Structures are given as C-alpha cells and as structure tokens.
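>>> how would this look folded up:
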Amino acid sequence: MVFAHDTEAALLAAVELVNSAEDPDTLTETAQLAEFFERHVYTGAHTGDAAELTAVRALRAPLRAMLTSDRDTAVTLVNETLAGHRAVPQLVRHGDVDYHVHAVPPQAPLPVRIAVETAMAMIDLIRADDLSRLSICADADCAGLVLDLSRNRSRRYCSTACGNRNAVAAYRARQK
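Reported below is the predicted structural model:
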C-alpha cells in the first residue's frame, strides 16, 4: 500500500527518534535536535533549548510502545495521544508541500507535534491493518525499529550498518 507523504514522513521521523535511544544515543545535544527538526522538515515552534531536548527524548519510550504494539493496543495509545493533546485534524499546505494533515497548531511545542503526527500516521497503518510495516531489527544484537515501506516488504534491518554486519557474518559462515 502506498501511504500519503505526511504519513511516511511522520513514521520515518518517529522511527529515527525511537532508534536514537539505542546505543550509542544519538540525541544528546540541542544541535542534534536542531538537525532532526530540519532533516524531517518540521514546521512551527522550535525553541531549541535543553527543556525541549529533554521533552523530545522523553517521547522515545512512549512512541516505541505505540509503534511496536499490537493493533488493539496501538488504537488505545493513538486515541489517548490524540485526546490528550486535543488534536483537531486540518488540511494545510506550506512551502513546497501540498495539502496534508496537521492536527495541532504551529505554535504547539515540538514534542506535542511529534507525538500527534506519529499518532495520525499510525491511524493509516491501523486502518489498513498494515502494522507489519513496523518491526524490530533482524540483527540479534540490535533492538532498533524498522519501517518497511518497500513494495515487497523485504526490509529486515534498521540500518545499513546492521544489514552489512549480518551480510558479512553470513558470508563468513558460508566460507567455512
């Protein structure tokens, strides 16, 4: 299934945010948060201070729970997130991005926008009964999340590093 641009963008950002908690932690400085903000083309308020960094870091565990739960639990977590932030979906467009859905105002804090955008994206996965697009990395030593948007659903690793490490190990095992 092909998902809307904003759904894919929110899921990619959420997976990166959740995976930033894996060792080594890649979200420890405000500069890293600023790069995350720009890389994922977030709009609206962004203070860039230590309090915002702490609040965004605190989202990692709840988002991991949402992204890795079974369908019924995901529905509960999505509904709680949307209700807790009084999300009101609206169509907007800005910059080079055509109409897409925002559910909180631009002045909402960045952690709120991330949580709500992730919940809105999860709605599409839940409605399509397509939560299998989200999984845990196939590398036995990694707990990173994998978002598989490929047509043939072949993505198994959270990163090129995990994929390469397993390919090398498989090659070496075949050579014995």
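
>>> How much space separates P106 from R64?
From P106 across to R64, the span is 26 Å (C-beta to C-beta, to the nearest Å). Quick note: C-beta positions are derived from backbone N, CA and C, even for glycine.

>>> the more surrounded of these two?
More crowded of P106 and R64, by other C-beta atoms under 10 Å: R64, with 19 against 12.

>>> And the residue lying closest to the more buried one once chain neighbours are set aside, its phi and psi?
Leaving aside its sequence neighbours, R64 sits nearest to V18 (C-beta to C-beta, 6 or more residues apart in numbering; 4.6 Å). The phi and psi values for V18, taken as degrees, to the nearest 10, are phi -60, psi -40.

>>> how many neighbours does V18 have?
V18, neighbours per other C-beta under 10 Å, totals 26.

>>> Hmm, L145 and it touching each other?
Yes - using C-beta atoms under 8 Å, V18 is in contact with L145, at 5.3 Å.

>>> where do the contact lists of those two overlap?
Residues touching both V18 and L145 (C-beta atoms under 8 Å, 6 or more residues apart in numbering): R64, L67.

>>> Could you measure from the residue nearest to R64 over to A74?
14 Å.

>>> now do A61
Using C-beta to C-beta, A61 is found at 15 Å from A74.

>>> Please identify which of the two sits among more neighbours.
A direct count of neighbours by other C-beta under 10 Å for A61 and A74 places A74 higher, at 21 against 11.

>>> Toward the C-terminus from the helix or strand that one falls within, list the very next helix or strand.
Element membership for A74, per DSSP states H and E: helix 71-84. Sequence-wise, the next helix or strand downstream of helix 71-84 (DSSP H and E) is strand 90-94.

>>> Thanks a lot, catch you later.
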